[in-house]
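>>> fold the stuff below for me.
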Amino acid sequence: MPFNYEKVINLRRELEQSYTARDTMLYALGIGAGIDAQTPAQLRYVYENALQAFPSMSTVMAAPGFWQQEPEFGIDWAKVLHGEQSVVMHKPLPVEGKVAAVLTVDSIYDKGEGRGALLYSTREVYDRSNGDLLATVRQGSFLRGNGGQGGLSSGAPKPHELPVDRKPDITLTLQTRPEQALLYRLSGDYNPLHADPLVAIRSGFLRPLLHGLATYGVVCRALLEALCDNDATRMKRLDVRFTSPVYPGDSITTDIWKQGDGKASFRARVAERDVLIINNGYAEYR
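Predicted coordinates:
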């Protein structure tokens, strides 16, 4: 089926999800919180006493799944890459409850035949108990197989520029677990690429990959520790561009530049392979 621009650009879905404190702890374990379980700052995300919800958990709340795979849109789903992720945290997430979300497509930028297209979508997540807006979750996807098939020809968002005139103010390395992708997938992303070695090999990788949003959560952990004293309520925004995959067990090193007024720039790389995995990062905090 050919690419259906009108159907994609007019996408609107309303979603709901109930979740428990157990789900909140499971998400935190999936992004590596609790590796040092004796540290009180780690325990606050994985232990029911004084439990906090991790701020990046909104990425998996009332999520629509891989909707690009549905035939009605005509998207070449096997060539879709998750390129960008942004979360604006309006209020701290409840530890448990029920949320509603509205998913819309914001824009499609056509890079031309053979060059793919960029699709940007937004999911606003609300607390069902009182209607409060909890988070605005934005995602950028690279549709490698749908160039020249409709969309804007210019105006695509430009990446956040990192400081080039000085070294990072803070560098922090966090270890991931060998089984971390198997744990993270229990929060809702069951793509076999992250679990099945044969699927990973057929896709051109040495072994199953860590989910991109799990990597996003690990980097959020680093920023929360470096900038917010591990207090989830202080993180306000986190934007990234994904540049390379991560394998479970890799060490992730995050370089952070403080830019004043509760703003910071950052990037992340795999320490063992010296591969840049996240670039053009931007954070806001208080």
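
>>> where in the stretch 101-250 of the chain is pLDDT low?
Low-confidence segments of the stretch 101-250 of the chain (pLDDT under 70): none present.

>>> give me the distance from stretch 53-61 to the chain's centre.
9 Å (CA atoms, centre = their mean, to the nearest Å).

>>> first-to-last residue distance for that stretch?
Stretch 53-61 stretches 12 Å from its first residue to its last (CA to CA, to the nearest Å).

>>> quick one, what contacts H160?
Counting by CB atoms under 8 Å, 6 or more residues apart in numbering, H160 makes contact with 239, 265, 280-282. C-beta: built from backbone N, CA, C; applies to glycine.

>>> likewise Y216?
Residues in contact with Y216, defined by CB under 8 Å, 6+ apart, are 56, 59, 85, 238, 240, 278.

>>> if you set the cut-off to 7 Å instead, what comes out?
Residues near Y216 by CB atoms under 7 Å, 6 or more residues apart in numbering: 56, 59, 85, 240.

>>> follow-up on the earlier one: by neighbour count, which of the contacts of H160 wins?
With neighbours taken as other CB atoms under 10 Å, the top of the contacts of H160 is G281, carrying 24 neighbours.

>>> would you confirm that that one contacts T243?
No. With contact defined as CB atoms under 7 Å, G281 and T243 do not form a contacting pair (10.7 Å).

>>> returning to what we had before: in the contacts of H160, find the pair that's most separated.
Distance extremes for those: the farthest pair is D239 and S265 at 9.9 Å, using CB to CB.

>>> mutual contacts of those two, please.
In contact with both D239 and S265: 160, 281-282, using CB under 7 Å, 6+ apart.

>>> PyMOL command for the buried members of the contacts of Y216?
Selection of the buried residues among the contacts of Y216 in PyMOL, burial being defined by 16 or more other CB atoms under 10 Å:
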select buried, resi 56+59+85+240
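
>>> just the contacts of Y216: which are in strands?
85, 240 (DSSP state E).

>>> how about the contacts of Y216 in TSV, adding distance to M25?
Shown next, in TSV, are those (distance: CB to CB, whole Å):
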residue	distance to M25
S56	14
T59	16
Q85	22
V240	24
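
>>> between the contacts of Y216, which is closest to L174?
Closest approach between these and L174, by CB to CB: S56, at 13.6 Å.

>>> how about that closest one: what's its closest non-neighbour residue?
Spatially, and ignoring its direct neighbours in sequence, S56 is nearest to C220 (4.2 Å; CB to CB, 6 or more residues apart in numbering).

>>> D169 now?
Nearest to D169 is K258, by CB to CB, 6+ apart, at 4.9 Å.

>>> the one you found pairs with what?
Applying DSSP bridges to K258 gives these bridge partners: A264.

>>> quick check: the residue lying closest to W77 once chain neighbours are set aside vs L227, distance?
Spatial nearest neighbour of W77, chain neighbours left out: Q69 (4.3 Å); criterion: CB to CB, 6+ apart. Remark: distance between Q69 and L227 (CB to CB, to the nearest Å) = 37 Å.

>>> of the two, who's got more company?
The residue with more neighbours, out of Q69 and L227, is L227; 23 against 11, by other CB under 10 Å.

>>> that one in helix, strand or coil?
Three-state assignment for L227 (DSSP: H, G, I helix; E, B strand; the rest coil): helix.

>>> surely it touches Y285?
Yes. Under the criterion of CB under 7 Å, L227 makes contact with Y285 at 5.1 Å.

>>> what do these two both touch?
By CB under 7 Å, 6+ apart, L227 and Y285 have no common neighbours.

>>> check contacts around the spatially most central residue of the chain.
Central residue of the chain (CA atoms, centre = their mean): L213, 3.6 Å from the mean position. Contact analysis of L213 by CB under 7 Å, 6+ apart lists 59, 85.

>>> any idea how many residues pack against E272?
By the criterion of other CB under 10 Å, E272 has 11 neighbours.

>>> verify the assumption that the residue nearest to the centre of the chain is located in a helix.
Yes. Counting by three-state DSSP, L213 is part of a helix.
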